[in-house]
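Student: Sequence plus the predicted model coming up.
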Amino acid sequence: MKLVKLALAPFSVSPPPHFDAFVTRIDRLAAQAALAGAELLALPEYFSMALAGAHIKAPDIEAELADVVDQAEALVQAMVAIASRHKIFLLGGTVPMRVGAEIHNRAPFIGPSGQLEFQDKQAMTRFEAERWGVRGGTGPKIFDTKFGRIGVSICYDAEFPLHVRAQVKAGAKLILVPSCTDSLAGFNRVRFCARARAIENQCYVAVIPLVGKAAWSGAIDENRGHAALFTPCDHFFPPDGVQAAGEMDESELLFTSLDFTAIDNVRREGGVLNHRDWHADVAAAPVIQLA
C-alpha cells in the first residue's frame, strides 16, 4: 500500500509588499509541505489575485485583473522553479492569463521535474463572465503522475458532474478543486458538490479555498471556506465521507494522506458500485503524462 501525502493550502489574501515577497511566501509553503513529507501541494483558485495588493490600494476590478495578468507569466515560472527546488508536485492555484485575445482562468499543474501543464476553468460564474470578462477555456484533462491519475476541476466546474466524470472515466482517482467563494452559500455549493462527486465516482476529492478579507480589492474582498479531503461513504473510508477538514476561514496547511488502492477496492467491493453503474455516455478526458 503506497500512501500519498497531500498538503492543502487555504491561502489568505493578505497583500504582499512586492512580487518577490509573494513568491517567497509560496516557496515557504512548499518547503513546509516537503519537510512534512508531502508529495503534492495544492493552492486555491485566484490566490494569485492577492499579488495585485502590492500595487492596487482601492477596489478596482479591472485594474486588479490587468495587474495580475501582466505578472502571470513571471508568477508561473517562479512556481515552476519552486516545484523543481522542493521536488514536489504543485497545483499553483489558478492564475488569470492571456490566451490569444481572451483572458482565461488557468490552473498550472507542475511536476517536480519542472514540467508545466494547465487545466483551464471551463464554466464561468456570473461575476467572471458578466463583470470581469474572463472566458472559459478548454475542457477537462487529467495528469498521469508517478502515484496515479489526477484531475483538476476549478471551483464552479466541480458543480457540473460531467466535467469530473470525463476525468474519472480517463482514470482519475483524485480530483483537486481549487476554489474562491465570497460567501458561505458559495462555499457550500462547492463543498457539497465535491462530496457528491466523490460519492458518484468513488474517488477522492480535495477542496482548497481562498480565505480572508481584502478591503483593498473589488475582486477578492471576502473569501470563505476550509480545506478538506472527501471520500466515498462506503467500505474502506470514513462513514461520513470526510477524511480530513481544516478550520473554517483559517489558512493553516492541512495535511492528509490517501491510498489509491482503496479506490480500486471500493469500486470492486463497495456496498454500492456508483463508478460501475454510471449510465451517461461521457467521453474520457485526454491524459497528459506529468513527471
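Tutor: That came through fine. Residues are numbered from 1 along each chain as shown.
Student: Walk me through the regions of the protein where pLDDT falls short of the threshold, as ranges.
Tutor: 1 (pLDDT under 70).
Student: run the last query once more with 80
Tutor: Counting by pLDDT under 80, the ranges of the chain that qualify are 1-2, 280-281.
Student: Just give me the longest helix of it.
Tutor: Under DSSP state H, the helix in the chain containing the largest number of residues is helix 61-86.
Student: starting at the chain centroid, how far to it?
Tutor: 16 Å (CA atoms, centre = their mean, to the nearest Å).
Student: List the buried residues for it?
Tutor: Across helix 61-86, burial judged by 16 or more other CB atoms under 10 Å covers 61, 64-65, 67-69, 71-72, 75-76, 78-80, 82-84, 86. For glycine as for every other residue, the C-beta is placed from the backbone atoms N, C-alpha and C.
Student: just stretch 166-174 next, same as before
Tutor: So for stretch 166-174, counting by 16+ other CB under 10 Å, buried means 166, 167, 168, 169, 170, 172, 173, 174.
Student: can you check stretch 229-242 too?
Tutor: Neighbour-count burial for stretch 229-242 [16+ other CB under 10 Å]: 229, 230, 231, 232, 233, 234, 237, 241.
Student: State whether the first one is indeed within a strand.
Tutor: Looking back up the chat, that one is residue 229. Yes: under DSSP: H, G, I helix; E, B strand; the rest coil, residue 229 sits within a strand.
Student: For it, list each beta-bridge partner.
Tutor: Here residue 229 sits in beta bridges with residue 206, residue 244, going by DSSP bridges.
Student: what's the burial count for the nearest residue to residue 88 once chain neighbours are set aside?
Tutor: Using CB to CB, 6 or more residues apart in numbering and skipping residues adjacent in sequence, the residue nearest residue 88 is residue 34, 5.1 Å away. Neighbourhood size, residue 34 [other CB atoms under 10 Å]: 19.
Student: Next, the contact list for residue 34, please.
Tutor: Residues near residue 34 by CB atoms under 8 Å, 6 or more residues apart in numbering: 41, 86, 87, 88.
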